[in-house]
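After the sequence you'll find the predicted model.
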Protein chains: 2
Amino acid sequence: MRDSSGKTPIWKAIADALRSDLAEGRYSPGDKLPTEAALADRFGVNRHTVRHGIAALVDDGLVRTRRGAGAFVAATPTDYPIGNRVRFHENLIAAGRRPEKRILALDERAATQGEAKALQVPTGAPVCAYHGLSLADGQPIAIFESLFPLDRIAGITAALRDTSSVTEALRVAGIADYTRTSTRLTAVRATATQALHLQVTEGDPLLRSSGVNTGQFGQPVEYGRTWFVGDRVTLTLET
Amino acid sequence: MRDSSGKTPIWKAIADALRSDLAEGRYSPGDKLPTEAALADRFGVNRHTVRHGIAALVDDGLVRTRRGAGAFVAATPTDYPIGNRVRFHENLIAAGRRPEKRILALDERAATQGEAKALQVPTGAPVCAYHGLSLADGQPIAIFESLFPLDRIAGITAALRDTSSVTEALRVAGIADYTRTSTRLTAVRATATQALHLQVTEGDPLLRSSGVNTGQFGQPVEYGRTWFVGDRVTLTLET
DNA sequence: TGGTAAGATATGTATAGTTGTATAGTAAAT
DNA sequence: ATTTACTATACAACTATACATATCTTACCA
């Protein structure tokens, strides 16, 4: 790697070396790469030169870095710019209630003004807040937050803890049938905390879906919001 | 160059998130906040980063912590800015075919590979490209591009020049009835030229809707894409 | 009923390690 | 002379882990 005909920059040689390591399967998706200091020792260069090489991999989408933690092999070593976006052929009605979930928070609290309005309950009424992360093939697809009015659905919190399926939990809690009244869609920027969970960069475009599900007599039983990663998800509306 | 993290410090983002929770009334004075560990899970960060955020709230006098007990709300912020509200609503079915249009370009050219695939014509087949801008109250709402296969619809270009209404133009061109097969939605960044037309900043989140309209015998007669400004539009899906 | 001890929980503190950023400097190529 | 590639150093921000200390909960016993 030292003065090899002086043509290729050192950082590019390092990037290529790491790239071939990835191609050989030496590291699996999610694995942590050696630290910058270790790589600097191994290649006999300055840490910044290694950083330059890693930055190239990050730019290619092969690697994700996290301050204080390390550099990790990205979930999808092969970039699917267009083809695989459509893999999430989910019906909009099912938005956010598919398998492969990770519960981030599940608690009971008082409804804020906006939430109360959507659920048609008085402000401050007790609600169950279900906050989580949806993944596909280990890759974050969306984060969601569902709110259930505890006045109408009593045991929903415990039910959600068991099943982690909204449909199932509602059924256990006594809501056999429910329908989505309307869905609203818009595009927003990822906040810093959203970006952390979704493993994107702050400010990246997200597709926000919000809607209310109502029970048999038109009473709201769930107010749900979902933020999809624009790069990874295309919602398909069947007519 | 391109790093994987945003600009706002994570601890500050967490502090802001908690602050807005307080402002929205999720927690009342005297209430106990979630534990540091729970918040660390929720935000996907280390416990110390959460502590840093909470420390900021303690410093502001909003929160009081007691070792071994938890963090409790001391006061609620009064001057926390609430996010800007959505000002316009559009029906998804009417996406891109509302009055108040401004034609940006109307010409005939060869279809690209992706466009040809959507229209089910050979690559390079002649199409009519209808490019325009939708406004409401003088403010740009969306830009759209509709493509019509000239092999199937001959006089569409001239018809569009007269009416500027897609439905009307198709009727004039001999397509009396057409239906939208499916609509696909995702979020993208505004390109420089899109940003210019829409009077937003490059990189702002846009809601992209794409779909195909098919004629009486299932033949695609139009491939349309619309980019809505996320800040100004919420699509509402009626069920 | 009431008190106490044990264990689980939760915050506080300490230390070390890792990535991100900023600044300055050196050598070689253009 | 300016740019480019790399080195060198220092510090900031976040992570990881361990442990101390205060509080709450529960069970047990008198």
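Sure, I can see it.

Please count neighbours and contacts with C-alpha atoms only from this point.
Will do.

List the residues that contact A:Glu108.
By C-alpha atoms under 8 Å, 6 or more residues apart in numbering or on different chains, the contact set of A:Glu108 is A:Pro126, A:Val127, A:Cys128, A:Ala129, A:Thr157.

Keep only those of those that are in strands.
Applying DSSP state E to those, the entries found in strands are A:Pro126, A:Val127, A:Cys128, A:Ala129.

and these, which are buried?
Neighbour-count burial (16 or more other C-alpha atoms under 10 Å in any protein chain shown) applied to those gives A:Pro126, A:Val127, A:Cys128, A:Ala129.

and the last one, what are its bridge partners?
Translated: A:Ala129. When bridges are called by DSSP bridges, A:Ala129 pairs up with A:Asp107, A:Leu147.

And it, how close does it get to B:Gly70?
20 Å (C-alpha to C-alpha, to the nearest Å).

which one is A:Ala111 nearest to, not counting chain neighbours?
A:Gly124 (4.7 Å; C-alpha to C-alpha, 6 or more residues apart in numbering or on different chains).

Wasn't the one you found part of a strand?
No. A:Gly124: not assigned to a strand; according to DSSP: H, G, I helix; E, B strand; the rest coil it is coil.

quick one, phi psi at it?
phi 90, psi 0 (degrees, to the nearest 10).

thought it was touching A:Glu115?
No. Contact criterion C-alpha atoms under 8 Å: A:Gly124 and A:Glu115 do not qualify, at 9.3 Å.

Neighbour count for those two, which is higher?
A:Glu115 (22 against 17; other C-alpha atoms under 10 Å in any protein chain shown).

And the pLDDT at that one?
A:Glu115 is assigned 91 on the pLDDT scale.

what's the answer for A:Ala40, then?
pLDDT, A:Ala40: 92.

The one 3 residues further on now?
Looking at A:Phe43, its pLDDT reads 89.

same question, A:Thr183
At A:Thr183, pLDDT is 77.

chain center to whichever helix or strand A:Asp162 is part of: distance?
Following DSSP states H and E, one finds A:Asp162 within helix A:156-163. Taking C-alpha atoms, centre = their mean, to the nearest Å, one finds the center of helix A:156-163 at 22 Å from the center of the full chain.

average pLDDT for the helix or strand following that helix?
Downstream of helix A:156-163, the next assigned helix or strand under DSSP H and E is helix A:166-172. In this model, helix A:166-172 has a mean pLDDT of 84.

And helix A:166-172, what's buried?
In helix A:166-172, the ones that count as buried by 16+ other C-alpha under 10 Å are A:Val166, A:Thr167, A:Glu168, A:Ala169, A:Leu170, A:Val172.

For these, give me CSV that also has distance to DNA strand C.
Below are the buried residues of helix A:166-172 laid out as CSV (distance: C-alpha to the nearest atom of the strand, whole Å):
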residue, distance to DNA strand C
A:Val166, 25
A:Thr167, 29
A:Glu168, 27
A:Ala169, 24
A:Leu170, 27
A:Val172, 26
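
Would you mind trimming those to those in range of DNA strand D?
When C-alpha under 7 Å from any atom of the strand is applied, no member of these is adjacent to DNA strand D.

Dihedrals phi and psi, A:Gly218?
When read as degrees, to the nearest 10, the backbone of A:Gly218 gives phi 80, psi 10.

and after the helix or strand harbouring A:Ala15, which helix or strand comes next?
Using DSSP H and E, A:Ala15 falls within helix A:10-23. Going down the chain from helix A:10-23, the next helix or strand is helix A:36-43, by DSSP H and E.

near chain B at all, that next one?
No. For helix A:36-43, no contact with chain B is found by C-alpha under 8 Å from any C-alpha of the partner chain; the gap never falls below 14.9 Å.

Is A:Leu104 located within a strand, as I assumed?
Yes. Per three-state DSSP, A:Leu104 lies within a strand segment.

How is chain A partitioned into domains?
A:10-73, A:83-229 (automatic domain parsing).

okay if I get these as TSV plus distance to B:Val212?
Listed next are these as TSV, based on distance: least, C-alpha to C-alpha, whole Å:
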stretch	distance to B:Val212
domain A:10-73	31
domain A:83-229	15
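
Comparing the ones you listed, which comes out most buried?
domain A:83-229 (a mean of 19; mean count of other C-alpha atoms under 10 Å in any protein chain shown).

Pull up the gap between A:Phe217 and DNA strand C, please.
Going from A:Phe217 to DNA strand C by C-alpha to the nearest atom of the strand, to the nearest Å gives 38 Å.

Check the secondary structure at that residue for me.
Relying on three-state DSSP, one would call A:Phe217 coil.

Over to A:Val121?
Per three-state DSSP, A:Val121 ends up coil.

and the closest residue to it other than its chain neighbours, what are its phi and psi?
In space, and not counting its chain neighbours, A:Val121 is closest to A:Pro149: 7.6 Å by C-alpha to C-alpha, 6+ apart. Here is the backbone geometry of A:Pro149 (degrees, to the nearest 10): phi -70, psi 120.

For A:Pro149, list the residues it contacts.
Per C-alpha under 8 Å, 6+ apart, neighbours of A:Pro149: A:Leu119, A:Val121, A:Ala125, A:Pro126, A:Val127, A:Cys128, A:Val221, A:Glu222.

That one and A:Phe217, how far apart?
15 Å.

do A:Ala110 as well
24 Å.

swap in A:Arg64?
Counting by C-alpha to C-alpha, the gap from A:Arg64 to A:Phe217 is 48 Å.

try A:Leu196
For A:Leu196, the distance to A:Phe217 - C-alpha to C-alpha - is 39 Å.

same deal with A:Ile103?
Taking C-alpha to C-alpha, one finds A:Ile103 at 30 Å from A:Phe217.

Show me what A:Ala187 is bridged to.
A:Leu207.

correct me, but it touches A:Leu206?
Yes. The pair A:Ala187 / A:Leu206 is scored as a contact, 5.6 Å apart, by C-alpha under 8 Å.

For these two, list the residues in contact with both.
Common neighbours of A:Ala187 and A:Leu206 (C-alpha under 8 Å, 6+ apart) are B:Ala187, B:Pro205.

Tell me, please, the helix or strand in chain A that averages the lowest pLDDT.
Lowest by mean pLDDT, DSSP states H and E among the helices and strands of chain A is strand A:235-238, with a mean of 66.

hang on, the earlier thing: tell me the one among the ones in strands among the contacts of A:Glu108 nearest to B:Asp21.
A:Ala129 (12.9 Å; C-alpha to C-alpha).

who's in contact with stretch A:222-230?
A:95-96, A:115, A:118-119, A:141-149, A:198, A:204-214, B:186-188.

nope, stretch A:113-123 is what I was after
A:110-112, A:124-125, A:147-149, A:212, A:219-223, B:24-25.

go with 6 Å
Identification of contacts with stretch A:113-123 by C-alpha atoms under 6 Å, 6 or more residues apart in numbering or on different chains yields A:Ala111, A:Thr112, A:Pro220.

Could you find the lowest-pLDDT member of those residues?
A:Thr112 (88).

and the gap between that one and chain B?
6 Å (C-alpha to the nearest C-alpha, to the nearest Å).

Low-confidence regions, chain A specifically.
A:1-7, A:75-100, A:137-138, A:164, A:237-239 (pLDDT under 70).

what does it have sitting close to DNA strand C?
A:33-37, A:48, A:51, A:65-71.

Keep only those of those residues that are also close to DNA strand D.
Okay, of the residues of chain A next to DNA strand C touching DNA strand D (C-alpha under 7 Å from any atom of the strand), that's A:His48, A:Arg66, A:Arg67, A:Gly68, A:Ala69.
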